[in-house]
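here is the input, now give the coordinates:
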Amino acid sequence: MKLIDLHCDTLYKSVTQNMNLDNSSYETKLAKKGDNKLQCYAIWLPDDLDGDSAEKLFFTAAERLKSECIRCNINLMNSGRNLNTNFFTSENNAFFTVENGLALNGKLENVKRFSELGVKIMTLTWNAHNYIGDGSTVKNPKGITPFGKQAIKEMEKYGIVIDVSHASDALFYDVSKLSQKPFIATHSDSRTVTPHKRNLTDEQFKIIKEKKGLVGLNFHNAFLNSDPNKASITDILRHAEHFLSLGGENILAIGSDFDGCSLPNDIKGSESMSVLFELFLKHNYNESLVNKIFYENALKFFENFDI
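Residues are numbered from 1 along each chain as shown. Below is the predicted model:
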């Protein structure tokens, strides 16, 4: 199987639990022999951290990911250039990503430092307010801050992809107006299918499409189904079908949120990805479309982003 997964929280667990990245208890597993995988490993910065603590956790995670990739024979990349060659010649590839711009600690110079350490994607916020703007749970959100406006310019300058998952609607629309490059939602589902603040509206999805970005399907049970206890792997198809009805064939991707969410009972982790692939085929998706969702759309995005 070939897979590009835009988001997991396994790195955060590895750092905070002091466990190896390939620990068998984690939902995110390394690719099997003969497969090709690019895993985006996010370091999550909880909203209750102060800026200094978040910044320190980021740098600790950078060192941990580097050492774990060496130990596990994972090809850690900092660019989409030649990704097509790297992806097909290495079983395991990785991008370093950040979940919560709190990690910047209000320091604009950290954007360049993060880029130099290989950060490829940064989720602007988690659920609360930070230096960049408001997250999805903020009441009466005001959108992007003056620092946030500077930060997204620096991110685009230094090749860090803007991720609007977790952003408030106000922040989303500010980013859509200010951004000069495509931006993405690494792990977000459809708000039309499941009316949750963390999911994307149809209009937001269309804006990402017009910007030639990406949207990664999230496996969190509460985003997949209004009754989380009834969520199942088939709900992923419902969200995919809706996004495809909006013309999302070339921007839809996978953003599992493994090791960072509550999964439906019939999804166990990476080992369920082959089940999901077959489920798409059984529901009359042609294999070329499923390949686009599983890896081709993301592959093309990252190659083109770095042109």
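
and the strands in this protein?
2-8, 36-44, 75-77, 92-99, 119-123, 161-163, 184-185, 214-217, 252-254 (DSSP state E).

quick one: distance of the fifth one to the chain centre.
Its chain's average C-alpha position is 8 Å from that of strand 119-123, according to C-alpha atoms, centre = their mean, to the nearest Å.

can you dump the C-alpha coordinates of that strand into PDB?
What follows is strand 119-123, C-alpha atoms only, in PDB (Å, rounded to 0.1, in the frame of the first residue of the first chain):
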ATOM      1  CA  VAL A 119       9.200  21.800   9.800                       C
ATOM      2  CA  LYS A 120       7.000  21.400   6.800                       C
ATOM      3  CA  ILE A 121       3.500  22.200   8.100                       C
ATOM      4  CA  MET A 122       2.200  24.300  11.000                       C
ATOM      5  CA  THR A 123      -1.300  24.200  12.400                       C
END
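
neighbouring strands of that strand in the sheet, and parallel or not?
Sheet pairing here is set by DSSP bridges, and for strand 119-123 it gives strand 92-99 (parallel), strand 161-163 (parallel).

quick check: angle from it to strand 2-8?
50 degrees (axes from the mean of the first three to the mean of the last three C-alpha atoms, to 10 degrees).

if you count contacts, what does the lowest-mean-pLDDT helix or strand in the chain end up packed against?
Across the helices and strands of the chain, mean pLDDT, DSSP states H and E gives its lowest value to helix 83-89, namely a mean of 91. Here helix 83-89 touches strand 36-44, strand 75-77, helix 297-305, going by 3 or more C-beta pairs under 8 Å, 6 or more residues apart in numbering; DSSP states H and E. All C-beta spots, glycine's among them, are computed from the backbone N, C-alpha and C.

out of the ones you listed, which is closest to Pro228?
strand 36-44 (20.3 Å; C-beta to C-beta).

now the closest one: average pLDDT?
Averaging pLDDT along strand 36-44 yields 98.

now do the helices in this structure.
Along the chain, counting by DSSP state H, helices occupy 10-17, 51-72, 83-89, 109-116, 146-157, 169-178, 202-210, 221-224, 233-245, 273-282, 287-291, 297-305.

ok, residues contacting the last one?
Right, helix 297-305. With contacts defined as C-beta atoms under 8 Å, 6 or more residues apart in numbering, helix 297-305 is touched by 4, 6, 38, 80-81, 83-84, 87, 95, 120, 159, 161, 181-182, 184, 212-214, 216, 250-254.

can you do 7 Å?
Contacting residues not belonging to helix 297-305 are listed as 4, 6, 80, 83-84, 87, 161, 181-182, 214, 250-253 [C-beta atoms under 7 Å, 6 or more residues apart in numbering].

please apply the same query to the second one.
Under the contact criterion C-beta under 7 Å, 6+ apart, helix 51-72 has outside partners 11, 14-15, 20-22, 30, 41, 43, 45, 49, 76, 92, 94, 96, 98, 102-103, 105-106, 117.

repeat the analysis, applying 6 Å as the threshold.
If you take C-beta atoms under 6 Å, 6 or more residues apart in numbering as the criterion, helix 51-72 is touched by 11, 15, 21-22, 41, 43, 45, 76, 94, 96, 102-103, 105-106, 117.

now the third one
The contact list for helix 83-89, computed with C-beta under 6 Å, 6+ apart, reads Asn36, Leu38, Asn93, Phe302, Glu303.

and it, what's buried?
Buried residues in helix 83-89, counted by 16 or more other C-beta atoms under 10 Å: Leu83, Asn86, Phe87.

which one of these is nearest Tyr173?
Of all these, Tyr173 sits closest to Leu83, with 30.2 Å by C-beta to C-beta.

surely Lys29 is in contact with Ser272?
No - Lys29 is beyond contact range of Ser272, at 10.3 Å (criterion: C-beta atoms under 6 Å).

which residues are in contact with both of those two?
Shared contacts of Lys29 and Ser272, defined by C-beta under 6 Å, 6+ apart, are absent.

sorry, back to before: need the CA coordinates for the least confident helix or strand of the chain. PDB is fine.
As requested, the backbone C-alpha atoms of helix 83-89 are provided in PDB (Å, rounded to 0.1, in the frame of the first residue of the first chain):
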ATOM      1  CA  LEU A  83       9.400  13.700  -3.200                       C
ATOM      2  CA  ASN A  84       8.200  11.600  -6.000                       C
ATOM      3  CA  THR A  85      11.600   9.800  -6.100                       C
ATOM      4  CA  ASN A  86      12.000   9.600  -2.300                       C
ATOM      5  CA  PHE A  87       8.500   8.300  -1.700                       C
ATOM      6  CA  PHE A  88       8.800   5.400  -4.000                       C
ATOM      7  CA  THR A  89      12.300   4.400  -3.000                       C
END
